[in-house]
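**Q** This is a predicted model, with the sequence first.
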Amino acid sequence: MLVWSRSGRWGAWGIAALLLAVFYLLPLAVIALASLAGQWNGALPSHLTFRHYADALQGDSGAQLRVSLLTGLMASLLALGCGSWAALALRRLAPASRRLLDVLFFLPAPFPRSPSASACWSPSAARRCCSTARRPSWCWRISS
């Protein structure tokens, strides 16, 4: 830290803790309370319940949550495996090749996915998206 005195450091840490609590922890606490609230008519919620969580974990929404978590886990494991393989393979290359491939491996990072492409990710949705009059530029011909 750039604060040299002990009391100044304690003050800086105190201000940082206060800002963290006000701008980060307090909103999270309000969200957590709202998720447990049966009613919220005054300053604090009443009739605290876990019914909202039970509803979210059952039926179609529960199945969608499980599929989302499984998809995220599988994508993370695939990215970890491919990234580890690429990092280990780059170690054995000559410096010029290593720099070139390092840039190529990093190239997709600054480009976010297209919102129109993410809206048409499944085959049935892609057929619907690609059959419209304004076909996205990334769209390919999909056979029925």
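**A** Happy to help now that I have it.
**Q** Hmm, Gly62 is touching Tyr53, no?
**A** No. The pair Gly62 and Tyr53 fails to qualify as a contact (Cβ atoms under 8 Å) at a distance of 10.3 Å. For the C-beta atoms, the positions are set from N, CA and C on the backbone; glycine is no exception.
**Q** For burial, what's the neighbour tally of His52?
**A** Look at His52: counted by other Cβ atoms under 10 Å, it has 13 neighbours.
**Q** Show me what the host helix or strand of Ser84 is packed up against.
**A** In this assignment (DSSP states H and E), Ser84 forms part of helix 59-91. Where contact means 3 or more Cβ pairs under 8 Å, 6 or more residues apart in numbering; DSSP states H and E, helix 59-91 is packed against helix 51-57, helix 95-106.
**Q** pLDDT of it, averaged?
**A** When pLDDT is averaged along helix 59-91, the result is 90.
**Q** remind me which residues of this structure are low pLDDT?
**A** Of all residues in the chain, those with pLDDT under 70 make up the ranges 1, 112-144.
**Q** Kindly recompute the last result at 90.
**A** Along the chain, the model assigns pLDDT under 90 to residues 1-4, 6, 38-49, 51-62, 65, 79, 82-144.
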